[in-house]
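> got a predicted structure plus its sequence, pasted below:
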Amino acid sequence: MAIRKILEFPDPRLRTRAAIVPAVDGRIQTLIDDMFETMYDANGIGLAASQIDVHEQVIVIDLSSDGSAPRVFVNPSIEVIDETLDGFEEGCLSVPGFSEAVERPKAIKVEALDRDGRPVDETVTGLLAVCLQHEMDHLQGKLFVDYLSPLKRQRIRQRLEKEQRRKA
Ligand code: NI
């Protein structure tokens, strides 16, 4: 397993649309293992492959605080079950240090494959619904800052660019 580098906004590679995974094989399982290691190392609760510059449809999530509830979603598709919007303060490992309220539908049905290529089909609500929709956006090249006002997004962009120049 290996910790991969997480791309940070406004890196244009984060705008790439992820391709469908042709088969959940050893290559994808290694990717999944690396994604979990990278996510846990960064204290995140979700990571899309797009964030480590791998543009394939793979999401990992763990909402537990001790790494005990890993969830894998390969080639996920979602359908809105309850369009009622719920606001949640979202953060993102690709937008470090910032969090803002984003409104999303409160219940979704997700279909995907797990780490062994077995089908996943469930209706989810609460934090898992928020997290899944956030990670699905990454696979489409979209970030939570896209939901904010242009002024807010510009401020975040400038502060992150300054930080990135400082670290370079
Ligand atoms: Ni994110």
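Received, thanks.
> which of the helices or strands spans residue 88?
Per DSSP states H and E: residue 88 is located in strand 70-91.
> quick one: mean pLDDT over that strand.
For strand 70-91, the mean pLDDT works out to 97.
> other SSEs contacting the helix or strand just after it?
Going down the chain from strand 70-91, the next helix or strand is strand 99-113, by DSSP H and E. In terms of contacts (3 or more CB pairs under 8 Å, 6 or more residues apart in numbering; DSSP states H and E), strand 99-113 is packed against strand 70-91, strand 119-125, helix 126-139. C-beta: built from backbone N, CA, C; applies to glycine.
> what does the helix or strand just after the last one contact?
Sequence order places helix 150-167 as the next helix or strand after helix 126-139, per DSSP H and E. Residues outside helix 150-167 that contact it (CB atoms under 8 Å, 6 or more residues apart in numbering): 8, 9, 10, 95, 96, 97, 98, 100, 145, 146, 148.
> the residue lying closest to the first one once chain neighbours are set aside and residue 5, how far apart?
Yep, that's residue 8 we're talking about. Once flanking residues are discounted, residue 8 sits nearest to residue 94: 5.4 Å by CB to CB, 6 or more residues apart in numbering. Separation of residue 94 from residue 5 (CB to CB, to the nearest Å) stands at 11 Å.
> who's more crowded, those two?
Shown here are residue 94 and residue 5; by other CB atoms under 10 Å, residue 94 has more neighbours (23 against 9).
> so who does that one touch?
6, 7, 8, 9, 11, 14, 51, 138, 143.
> ok, residue 140 next?
17, 18.
> if you count neighbours, what's buried in the strand holding residue 88?
Within strand 70-91, the residues that count as buried by 16 or more other CB atoms under 10 Å are 70, 71, 72, 73, 74, 75, 76, 78, 81, 88, 90.
> output those in CSV; the columns should cover distance to residue 119.
Below are these laid out as CSV (distance: CB to CB, whole Å):
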residue, distance to residue 119
70, 17
71, 14
72, 12
73, 11
74, 10
75, 10
76, 11
78, 14
81, 18
88, 28
90, 28
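> bridging residues for residue 47?
residue 60 (DSSP bridges).
> quick one on the thing from earlier: let's see the strand holding residue 88 as PDB, backbone CA atoms only.
Only the C-alpha atoms of strand 70-91 are listed here, as PDB (Å, rounded to 0.1, in the frame of the first residue of the first chain):
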ATOM      1  CA  PRO A  70     -14.600   1.000   5.100                       C
ATOM      2  CA  ARG A  71     -17.000   1.300   2.100                       C
ATOM      3  CA  VAL A  72     -16.100   1.000  -1.500                       C
ATOM      4  CA  PHE A  73     -18.200   2.200  -4.500                       C
ATOM      5  CA  VAL A  74     -16.900   1.300  -8.000                       C
ATOM      6  CA  ASN A  75     -18.800   2.600 -11.000                       C
ATOM      7  CA  PRO A  76     -21.400   4.200  -8.800                       C
ATOM      8  CA  SER A  77     -24.700   5.600 -10.100                       C
ATOM      9  CA  ILE A  78     -27.100   7.500  -7.900                       C
ATOM     10  CA  GLU A  79     -30.800   8.300  -8.100                       C
ATOM     11  CA  VAL A  80     -32.500  10.900  -6.000                       C
ATOM     12  CA  ILE A  81     -35.200   9.300  -3.700                       C
ATOM     13  CA  ASP A  82     -36.100  12.400  -1.700                       C
ATOM     14  CA  GLU A  83     -35.500  15.800  -3.400                       C
ATOM     15  CA  THR A  84     -35.800  17.700  -0.100                       C
ATOM     16  CA  LEU A  85     -32.600  19.600   0.400                       C
ATOM     17  CA  ASP A  86     -30.500  19.300   3.500                       C
ATOM     18  CA  GLY A  87     -27.600  21.600   4.300                       C
ATOM     19  CA  PHE A  88     -24.400  20.300   5.600                       C
ATOM     20  CA  GLU A  89     -21.000  21.900   6.300                       C
ATOM     21  CA  GLU A  90     -18.800  20.200   3.800                       C
ATOM     22  CA  GLY A  91     -15.000  20.000   3.600                       C
END
